[in-house]
Structures are given as C-alpha cells and as structure tokens.
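> Sharing a model prediction with you, sequence too.
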Amino acid sequence: MKLANIQVKHILYATDNSEDARCAFAYAAGFAKQFGAKLTLLHVVQEFKDMVAFDFGVERSVAAQKWFSVNKDYYEEVKKRMEEIAQSEYDGEAIDVENVVVEKGNPVKKILQVAKSKNCDLIVMGLKGRGVLEDAMLGGTVNGVIRRSKIPVLVTRHK
C-alpha cells in the first residue's frame with residue numbers, strides 16, 4: 001500500500017471562545033508552525049431564527065433597535081477576543097495568522113463554507129469534556145462538522 005503524502009498548507013481553527021476551544025488553539029498553532037501552514041481563526045455567532053416577537057407599534061421599533069444594538073456589541077466583542085487570540089505566542093514566537101473571521105449563521109454550515117472558501121486542509125476544534133453519555137454523542141457543532149467535512153478534522157479535549 002502506498003501512503004499519501006500529507007501536506008497541510010492552510011488550517012482553520014474554529015472556536016466558540018470557550019476554554020475548551022482555546023486549548024485547541026495550541027494544536028492549531030503547533031500544526032501551523034510545524035507544517036509552515038497559514039492559519040485562519042473563525043468564530044460563528046449563531047443566529048436564532050425564532051427571534052423574540054416584538055409588540056406592535058412604537059415599542060416594536062424601540063425593542064428591535066435595542067436587540068440589534070446588543071447583537072452588534074456582542075459581535076464586536078467577539079471580533080476583539082478573536083484578534084487577541086491571534087496575537088498569542090506559541091513556543092515563544094508570534095503566530096502567523098492569515099485571517100480572523102467572525103460570521104453569523106449556522107455554525108456547522110459556516111465552518112464548512114469558510115474551510116472550503118479558504119481552501120483549508122485541516123479543521124481544528126475543541127470539545128467540552130462532560131459526562132460519558134454526552135461524550136458519546138459529542139457536541140452538536142463538532143459532530144456536524146466531523147460528519148459533513150470533506151477534509152480532516154482534529155478535535156481536542158481540554159485537559
């Protein structure tokens with residue numbers, strides 16, 4: 001059997017900014033350094049289709065404006081945290097981060113779309129360590145990405 005020559009040129013680190021996911025960043029950075037690969041950071045802000053129904057009349061516009069303002073502030077805060085992660089050091093060296101991307105939508109779909117559009121060779125994600133039953137089922141996003149991805153997915157667990 002002839003083994004394929006594995007080359008990793010672009011890594012997508014997908015994060016929900018949890019402690020578990022941040023631990024996975026060390027793996028993404030380490031692989032990027034070892035392979036000389038580009039590294040893209042991605043966080044997907046999940047949009048809820050069933051938004052709160054606003055009252056009719058004046059209250060509707062006020063409530064809607066407040067919701068969109070809070071959503072925008074959250075989006076900006078996420079972007080700021082992602083940029084802080086991008087400025088991390090690995091093994092005493094700065095990490096060469098190609099892109100910091102914050103998207104809105106379905107996390108599984110967006111992760112796969114960004115991986116495809118950036119021509120990534122590997123997706124790195126963190127998994128929360130919980131109970132036996134929950135571990136068996138994996139996280140919804142991680143499970144969805146693993147099942148649908150056409151490229152390898154590295155899933156790490158927080159120590």
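Good, I have the coordinates. A quick note: this is a predicted structure, and the numbers were derived from the prediction, not measured.

> CA only for contacts and neighbour counts going forward, please
Fine.

> Tell me the helix or strand right after the lowest-mean-pLDDT helix or strand in the chain.
For the chain, scoring each helix and strand by mean pLDDT, DSSP states H and E identifies helix 132-137 as the least confident one, at a mean of 48. Downstream of helix 132-137, the next assigned helix or strand under DSSP states H and E is helix 140-148.

> what's around Met125, how many residues?
Close neighbours of Met125, defined as other Cα atoms under 10 Å, add up to 25.

> Quick one: residues contacting it.
Remark: with contacts taken as Cα atoms under 8 Å, 6 or more residues apart in numbering, Met125 is in contact with Tyr13, Ala14, Thr15, Ala21, Ala24, Phe25, Val142, Val153, Leu154, Val155, Thr156.

> List the beta-bridge partners for it.
Assessed by DSSP bridges, Met125 has beta-bridge partners Val155.

> before we move on, the earlier item: now, of the contacts of Met125, which are buried?
For the contacts of Met125, a burial check counting by 16 or more other Cα atoms under 10 Å picks out Tyr13, Ala14, Thr15, Ala21, Ala24, Phe25, Val142, Val153, Leu154, Val155, Thr156.

> what's the most distant pair in the residues you listed?
Spanning the widest gap among the buried ones among the contacts of Met125 are Phe25 and Val142, at 15.0 Å by Cα to Cα.
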